[in-house]
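Asks: Task: produce atomic coordinates for the following.
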Amino acid sequence: MRPPSIVLFEKLYVAVIVIGLAAVALSWSSISAMASNQPGVPAAVGSSILVGALIFGFLVPILLLYFIARRASTVAKWIFVVLAAFSLYSFVSGLANPPVAGTLFLAVNAVSTLLTLYCAWLLFKPDAKAWLDSKGANAPADPTTFE
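Replies: Numbers count the residues shown, from 1 in each chain. Modelled structure (predicted):
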């Protein structure tokens with residue numbers, strides 16, 4: 001049985017992924033315009049790179065979600081924590097130049113970043129830590145850990 005922190009992590013991280021999809025949808029026109037207007041790169045190649053980057057950008061979080069929430073991977077946990085730190089850095093960098101990113105995009109990014117940081121914090125709660133350390137075994141060493 002998975003502890004409550006891991007179950008909540010899974011639900012919230014799915015929300016982060018959905019918010020990411022919404023952010024891409026909101027800014028698709030500007031993203032695709034930037035990809036097609038790269039000097040020295042044909043528009044078709046820029047679009048292909050964009051699609052590949054988007055697939056990779058959503059495949060990694062889905063794999064991290066699976067390996068953390070279902071396979072109790074400590075390695076995936078630390079990869080997630082590093083990516084959460086990069087997410088915070090990216091958000092703060094975006095605040096330095098808000099007219100480029102757009103207000104709505106920054107608001108969506110703020111919600112996503114806050115949820116990501118909360119998800120990272122959940123992975124360090126005692127019940128999640130015990131479960132991850134036990135590699136997802138059903139019985140924790142301390143029966144009060146999952147309460």
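Asks: okay but residue 87 is in contact with residue 116, surely?
Replies: Yes: using C-beta atoms under 8 Å, residue 87 and residue 116 qualify as a contacting pair, with a distance of 5.0 Å. For glycine as for every other residue, the C-beta is placed from the backbone atoms N, C-alpha and C.
Asks: residues touching the spatially most central residue of the chain, list them.
Replies: In the chain, the C-alpha nearest the mean C-alpha coordinate belongs to residue 61, at 5.3 Å (C-alpha atoms, centre = their mean). Residues in contact with residue 61, defined by C-beta atoms under 8 Å, 6 or more residues apart in numbering, are 13, 16, 17, 20.
Asks: Just the pLDDT for the first one.
Replies: With respect to pLDDT, residue 13 has a value of 96.
Asks: just how off-centre is the helix or strand where it lies within its chain?
Replies: For residue 13, the enclosing helix or strand under DSSP states H and E is helix 4-26. The gap between where helix 4-26 is centred and where its chain is centred comes out at 7 Å by C-alpha atoms, centre = their mean, to the nearest Å.
Asks: what's around residue 72, how many residues?
Replies: Residue 72 sits with 19 neighbouring residues when counted by other C-beta atoms under 10 Å.
Asks: Name the SS class of it, please.
Replies: coil (DSSP: H, G, I helix; E, B strand; the rest coil).
Asks: Which residue, neighbours along the chain excluded, lies closest to it?
Replies: For residue 72, the nearest residue in space outside its immediate sequence neighbours is residue 136; the separation is 3.3 Å by C-beta to C-beta, 6 or more residues apart in numbering.
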